[in-house]
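> following is a predicted model, sequence given first.
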Amino acid sequence: MLVVEDFNDTVKCIKTATIQDGEPIMWVYSYLAHDVMFDAGCANAASDFKRIKNEYDISRIFISHAHEDHFGGLSVLADKCEVFAPKLAHDELMHPTELDEFFQFVWGQPKGIQSVNDMPKSFQVQELNFKVIELPGHHQHMVGFHEPEKGWLFSADAVPLPSKKYIAMPDENIPMMVDTMKRISELDLEVLFDAHKGPIIDPQEHIKRRIDYLTETQQRVRDLNRKGMTVKEIVAEMGWEGPWYLGLTEGRFGIDFLVKSMLHDKAQEQ
Ligand SMILES: [Zn+2]
């Protein structure tokens with residue numbers, strides 16, 4: 001399913017999702033600013049992307065990171081426009097990983113595209129001047145698109161959706177995610193264009209809540225570890241139980257990944 005909503009005169013939200021029992025499982029937002037698109041939704045909306053491809057003039061697509069819910073529409077759109085992505089994402093965009101059954105159902109299997117351009121440091125879209133900024137943590141190579149004059153940041157998955165995040169992927173770096181959110185808070189934003197919640201106006205409180213929660217949680221996790229508790233014991237002590245679908249992700253998400261990252265990862269590359 002794909003829904004287009006105007007945010008303002010310049011930006012449109014392009015929401016995609018798989019529908020189950022008449023409801024979207026989870027929306028993922030791409031955005032269209034004039035003729036430039038930020039991310040390209042999920043592959044289960046491929047037929048809808050065919051429709052909007054003729055409806056809107058899209059000349060460039062900037063991909064924040066190579067997770068399947070951010071580039072699933074590329075194979076439909078790419079023949080009509082230029083695609084830009086961080087260097088480390090190129091291979092995945094051209095030869096996407098075969099997803100497990102659960103993620104094929106939730107987002108759909110992306111198809112590869114022929115060519116990807118390197119991500120520039122900055123670019124212009126009519127009156128808008130974007131700076132590409134690194135947003136590591138959720139994904140090592142993730143970038144966002146900042147328009148300082150407007151106070152806009154297209155932030156992809158940099159700010160976690162649940163305010164109390166307790167599951168993670170093995171390559172997520174929680175201290176780095178917190179560090180990235182602190183840098184985002186210093187940008188003095190008017191709108192955070194989040195990939196799963198949609199545009200958030202005056203996002204300071206939204207971001208702060210997540211920084212505070214993860215910082216306090218990390219402190220507790222480290223204290224418990226210092227008392228000699230194992231990762232498993234810490235998970236039990238914190239009272240964390242996985243959501244119903246956790247087993248279905250076949251190890252792509254886990255509570256233990258969050259704990260391990262809080263114990264061992266650093267905010268900066270060493
Ligand atoms: Zn992601």
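Great, that's in hand. Residues are numbered from 1 along each chain as shown.

> please name the nearest non-neighbouring residue to whichever residue of the chain sits closest to the ion.
At 3.4 Å from the ion, residue 67 is the closest residue in the chain, using C-beta to the ion. Yep, even glycine has a C-beta here, placed from its N, CA and C like the rest. Among residues not flanking residue 67 along the chain, residue 139 sits closest, at 6.5 Å (C-beta to C-beta, 6 or more residues apart in numbering).

> test my guess that that neighbour contacts residue 170.
No - using C-beta atoms under 8 Å, residue 139 is not in contact with residue 170, being 11.7 Å away.

> who has more neighbours, the two?
residue 139 (24 against 12; other C-beta atoms under 10 Å).

> how near is the more buried one to residue 29?
17 Å (C-beta to C-beta, to the nearest Å).

> helix or strand right after whichever strand or helix holds residue 210?
Following DSSP states H and E, one finds residue 210 within helix 204-226. Per DSSP H and E, the first helix or strand lying C-terminal to helix 204-226 is helix 231-238.

> how about the strands in the stretch 51-200 of the chain?
Along the stretch 51-200 of the chain, the segments classed as strands by DSSP state E, counting those that start in this stretch run 60-62, 82-85, 117-118, 122-125, 128-134, 143-147, 152-156, 191-194, 198-201.

> which of these is buried the deepest?
Comparing the strands of the stretch 51-200 of the chain by mean neighbour count (mean count of other C-beta atoms under 10 Å), strand 152-156 comes out on top with a mean of 27.

> that one near the ion anywhere?
No - contact of strand 152-156 with the ion (C-beta under 5 Å from the ion) is absent, the minimum separation being 6.6 Å.

> residue 183: neighbour count?
12.

> got the contact list for it?
residue 133 (C-beta atoms under 8 Å, 6 or more residues apart in numbering).

> cutoff 10 Å now
Residues near residue 183 by C-beta atoms under 10 Å, 6 or more residues apart in numbering: 133-135, 158.

> for it, give its distance to residue 31.
The separation that residue 183 has from residue 31, given C-beta to C-beta, amounts to 21 Å.

> do the same with residue 71
14 Å.

> tell me which of those two has more neighbours.
Between residue 71 and residue 31, counted using other C-beta under 10 Å, the more crowded position is residue 71 (32 against 23).

> the more buried one contacts residue 93, doesn't it?
Yes - at 5.7 Å, residue 71 and residue 93 qualify as touching, with contact defined as C-beta atoms under 10 Å.

> near the ion, which residues of the stretch 1-150 of the chain?
Checking the stretch 1-150 of the chain against the ion by C-beta under 5 Å from the ion, the hits are residue 67.

> so where do the helices sit in the stretch 1-150 of the chain?
46-55, 68-71, 74-77, 90-94, 101-106 (DSSP state H, counting those that start in this stretch).

> quick one: residues in contact with the third one.
Which is helix 74-77. 30, 37, 39-41, 43, 45-53, 56, 58, 61, 63, 71, 81, 83, 85, 93-94, 96, 110-114, 116.

> do the fourth one as well
With contacts defined as C-beta under 10 Å, 6+ apart, helix 90-94 is touched by 40, 63, 65-68, 70-71, 74-75, 78, 83, 85-86, 97, 110, 112-119, 141.

> sketch out the low-pLDDT regions of this protein for me.
Counting by pLDDT under 70, the low-confidence segments of the chain come to 270.

> again, only this time at 80
The model of the chain has pLDDT under 80 over residues 269-270.

> chain neighbours aside, what residue packs nearest to the residue nearest to the spatial centre of it?
The geometric centre of the chain, computed from its C-alpha atoms, lies nearest to residue 157 (C-alpha atoms, centre = their mean), at 2.6 Å. In space, and not counting its chain neighbours, residue 157 is closest to residue 138: 4.5 Å by C-beta to C-beta, 6+ apart.
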